Each structure stands twice: as C-alpha cells, then as structure tokens.
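Colleague: Based on what follows, work out the 3D shape:
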Amino acid sequence: MYKLWLFLTLWFGIQCSLQAQQQNAMININAPINGKTVSFTEFLEALEKANDLVPQDGKLYDYIVKDVKVRFIQKIDKAGMDKRFFNNGPEIVIRPDLRISNIDWDPQFWLVPRNITFAGNIYFTDTKGMKALFTECRFKKAFAVLSNSGEFIDFKKCTFEGGFRMQRSTLIDYLKFDSCRFTIAERVDYKTLNLGLEPSILFIDNKANNLDMTVQYSSFEVHPKNRPNPQYFLSLKNSTFSNLKFIKSDIKASLDLQNSSISNNFQLHNTKVHDNILLFGLNINPLGTRMEWDLVEKRIAYYDAQEKKLYSINNLKKIPLTIFNDLFSSYAIVYSAFKSQGNRYSTNQCYIEWKNVETQYLKKLYEKDRSAETYFTYWMNVFLRIFCDYGTNPLKSLYMSFYVLLAFALIYFFLPHNFGYSRSNFYENLQTFGNYLRHPEAFFDKMTQKQQDISDRHQKVRSFLDNSKQNKAPFYFFLIALPDYALYRASKFSNRLVIGYTKGVHRLKDSGKSFLGFLSNILFSFLILAIVIENLIMRVLDSTALSINIFTTLGFGNTDAKGLPMYLTVLEGFIGWFLLSFFSLSLISQLID
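Modeller: All right, here's what the predicted structure looks like:
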C-alpha cells in the first residue's frame, strides 16, 4: 500500500512538472519575410504584423525574424520609413517578444524607427552591417544586441524599462545614448531568461574591438532595494573602449568599470553617480581622462565577488585587511588621472581621501601585529590629517596655529602674573581702580604724577636734541625725534583731558548739593570704567604678544616667566615648532608639485 502511494505521488509530481514546462516552453512563430529581401519599411511592417500573428493565450511566444536581406528601396522607403522619421506619425505598439537574427543590412542606408513602443523583449543576434538610429522609442522589456557586427547604434530620446545589453558585438563607429531614460522595476515579472540573460539596466561586455560609447543627457534609475545588487549596476566591466563618455547624466545606481580598458578618452563630466564607482583594474589614458572630484568623492569602491560585499570609505571599519590594497589601486587610478590633468585641487582632495583609507588600514594593521613602527606611523597620519591634510593644505596649519595662539593668549590673560605693558598684573590694577572709586582724590594725585612723569621723559629727549643742535648734529636727528614728540603731545593731551574731567567732577561733588554729588559719582564711575576697558585692551594685547613670542619660539623678550607660565610657555613653544614645521613642509611640498 505504501509503495502504491509513493508511486502515485511521484507520477503526479512528474505530470505537474511536465505540464509546467509545456506552459513555460517558448513557442516560435516565424515572420512572413523570413528568407526574403525586403525594404526597411517592409521590415518594420513585418515587425508590426507580429501583433496579428502571435496569439494572446497566456503562452510564451517568440516572433522570429531571420535570414532577411534589408535594402533601401527608394520608392517604398521614401514614402514609408523616411517620411515617418522626418515627420513623425502615430505611435506604433509591437506587443510580442522579437528575436531578430541573421539580418544582412543595407551597406549604405540606416534603420531609422521612430515613435515605436516595443512591449516585449527585443533581441538582435548575428546581424551584419547594422546602422540604426532609434528615435523616441520605448522599450518596455529588455533590449539586447548579441554577436552582431555593424557600424553604429544610436538611441535618441528613448526609454528603456527593461535595460540594454550588448555582448560579443562589434561596432566600427559608436554606440550612443542621447537624452534617454533607463529604469528597472523592483521586481522584474517578465521573461528575459529565454536566452540565458538576467535583467540588467545597462550591460556591456565587449572584447571584440575598441568600442566608442557615449552617454549624454540621460538618466538611470534602479529601485533602491536593488541598487546594492551587482546585477543592477551599470556594468561596463571586462570590456575594451576607445572612448567612453558620460556627459551631463544622472546615475542612480553604481557604475562598474572593473578590469576594463579605455585607450583614448574617458569622461565623467557633470555626471552624478549616486552610489559607487568600481575602478579596480581599470586601464585608462590619464592624459585623456576628464572628471571632477566632487563627482567621485566618497564613491570609489571595490566589490568582493566572493563575499558579495561592497567596500568603500563609507564603511572603512568593515573592510578586511586583504581588501585595502585593491581599494588603494582604485584611488591610484583616479589620482594619476587628476595629476596628469594638472588639476591640483582634485589631486589633493583625492590624495586626502586615499590617505584617510590608509590611516584606517594602519589602525587595523596595528591591531593585528602590535608593531611600534605601525603604531607611530598611524598616529603620524592622524596628526598630519588634523593639522595639514597630509601635507596638501599649508593654510590649515596656519589656521590651527591661530587657534592655538588664541587659546594660550586666553590662558595668559587670566593668569595672575605680571608681563608686558603694565608694571602690575591685571588683578592688582582692578584692585587699584576699586580704591579710586572710594577715594577719588588718590586718582587725581595719580594722574597729576603721571603728567609730571611724561614731562620729565620728554624733557630728557628735548635736552638731547638741544645739545645735538649746539654740536651741529645732522638734520635727521630732529626727524627721528618727531615720533616721540607726537606721542608726547598725545599723552599730555589725554592726561590733561582726564585731569580736567576729574577737576570738574570734584567741583560737582564739592557743591554741597546731593543731586550734583550723585551725578559726580556716576561721572567718575564712567571714567574709571573707561580706564578699566583700556587696561583690558592692553592686557589682551600683552597676552597675545606673549603668545606670539612663545609660539614662534622668538623667546620671552622682557617677560619674566615663573611658576605656571613657565610650563605653559614650554608647551606652547613645542606646539608652535610642530605646527610651523608642518606649514613649512606642506608649503614646500605644494611648491615642488
């Protein structure tokens, strides 16, 4: 009983499988022009006739067009294909899948279909002498060119919803996409596997000849869920090109150029690649390469086919040690291209990102071997990145120097030590000004004494000049004294102004009226506030001057550094030497380059 049940189960399963295979088996329907010589117009009409010849019963059909010679017949094509190309016409929809093979195209004239919607897959295989210009056509499923030879294929204002594929084909002139739109859905629910082909948005596998390929004013959009899948990359890998140009296009996918060769011109001009650019093993002509750094920044990547993972600067911590060298070689390709262009900015930016990857590599290498040399090399990279972008940015060293100067100047400002212009420290001056507020007469005496000191100092200079005049000194002695005389007059004027202001305040206070006495206190407080602000400014200048002196290792000058300032100045001097060395090396490096 058990054996009978097992036999029936197997028999039923086999029958279901055979039925499914029959349902999925491709049924070929031959075109009426097969084996004939026809005009271009008749060829296109034969494609349109597929709508009548292919049933719509849910089964899979291929409409086969093969063994046809297509020639330009002026009487037919002038009124047919050419008229439609120049004047346009109503949309033509061709529903079935098309397999077009072994076509011998006219050696002089072109195939120029316009405003045609191909609702099924379309495959060109083993055709000869193809020269085609597709204008305003829509391809709802896959478009494939397989094992063809011809001169050019040109697409203008076309829409590809199932991708484009070209393999083992030779085009003498070019392959061009102008103002085209490529999209591919999240789930591809149509059959593109009948020729062993996976759905792909753009797939070029060309080793037969140096292909000249241009993509301009076009867009590529892969569903976000499919974008990490390499099947949906713009795959131009393992191919040879004479020229490859992406101009003013938008690519919402990854661009795979691994192990390809571009002998002449490679352009990535005003083209935004939203995901990654895979360059490992790419052979280009650096002098013929044109691209902008902001188009490739943080997009250079390597795909590990074994692990099926993408690695780039965006996931540095996840990169295995064995992958770093492959990523380095990708950066080297871009770096050499920018350097050959003479584009110093892009060269430096590429080098910085390259070194950032190297820094992470050194960190991982140290975690593995615990070598002292690796450890110090890693930290040297870190310092170079922070202070001068690995020697590419001398100005960054100056910016960092400026920040260090300000930081130490701020510390010196609040330290209770004497240095610079003032004979007493800042806090002692504040205490003195506080006493002046309580005892204004002391302030008046102080300013009077200051005026006398100014006069005494100037008198010494005056006596020197008088003696020089009697001794017939050269005239420039008197010119040298002019700055001192100007400073003397300015100091004397400001001091007299303060003394006059103070006398006026005293008169108000001695008037005996309470209101005037209150007013005199306010006016005197304003005077002390102005002098405090002056001292604040001088303290700032003194602190900054000391910081500059120490930072540039010029010495202390007349500053007596004791206690905490002594240690701070040693630290700042070392940092200054360090940063100024970086600045010098970075500047020399840029000048040499």
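
Colleague: Identify the residues contacting the longest strand belonging to the chain?
Modeller: What stands out as the longest strand in the chain, according to DSSP state E, is strand 60-71. Strand 60-71 is contacted from outside by 24-31, 33-40, 43, 46-47, 50, 53-55, 96-106, 109, 111, 191, 194, using CB atoms under 8 Å, 6 or more residues apart in numbering. C-beta coordinates here come from the backbone N, C-alpha and C atoms, glycine included.

Colleague: In helices only, show me those residues.
Modeller: Of the contacts of strand 60-71, the ones assigned to helices by DSSP state H are 24, 40, 43, 46-47, 50, 53.

Colleague: and these, which are buried?
Modeller: Buried members of the ones in helices among the contacts of strand 60-71, counted by 16 or more other CB atoms under 10 Å: 40, 43, 46-47, 50.

Colleague: so which of these comes closest to residue 79?
Modeller: residue 40 (11.6 Å; CB to CB).

Colleague: Report the contact partners of that closest one.
Modeller: For residue 40, the contact set (CB under 8 Å, 6+ apart) comprises 70, 72-73, 77, 80-81, 106, 109, 111-112.

Colleague: again, only using 6 Å
Modeller: Residue 40 makes contact with 70, 77, 81, 111 under the criterion CB atoms under 6 Å, 6 or more residues apart in numbering.

Colleague: how about the nearest residue to it, chain neighbours excluded?
Modeller: Nearest residue to residue 40 in three dimensions, chain neighbours excluded: residue 81, at 4.6 Å (CB to CB, 6 or more residues apart in numbering).

Colleague: beta partners for residue 301?
Modeller: Residue 301 has the following beta-bridge partners by DSSP bridges: residue 278, residue 312.

Colleague: remind me which residues of the stretch 101-250 of the chain are low pLDDT?
Modeller: Within the stretch 101-250 of the chain, the ranges that satisfy pLDDT under 70 run 186-197.

Colleague: Could you pull out the buried residues of the longest strand of the chain?
Modeller: Counting neighbours by 16+ other CB under 10 Å, one finds that the buried residues in strand 60-71 are 61-66, 68, 70-71.

Colleague: got the angle for it vs helix 40-48?
Modeller: Strand 60-71 and helix 40-48 meet at an angle of 170 degrees, taking axes from the mean of the first three to the mean of the last three CA atoms, to 10 degrees as the criterion.

Colleague: next SSE after strand 60-71?
Modeller: Sequence order places helix 74-77 as the next helix or strand after strand 60-71, per DSSP states H and E.

Colleague: which outside residues touch that following helix?
Modeller: Here helix 74-77 makes contact (CB under 6 Å, 6+ apart) with 39-41.

Colleague: now, the most widely separated pair of the buried ones among the ones in helices among the contacts of strand 60-71?
Modeller: Maximum distance among these (CB to CB): 16.7 Å, for 40 and 50.

Colleague: Okay, buried residues for the helix or strand where residue 384 lies please.
Modeller: Using DSSP H and E, residue 384 maps to helix 372-388. For helix 372-388, the neighbour count (16+ other CB under 10 Å) marks 374, 377-378, 381, 384, 387-388 as buried.

Colleague: What count of nearby residues applies to the closest residue to residue 90 other than its chain neighbours?
Modeller: Among residues not flanking residue 90 along the chain, residue 115 sits closest, at 7.6 Å (CB to CB, 6+ apart). By other CB atoms under 10 Å, 16 other residues sit near residue 115.
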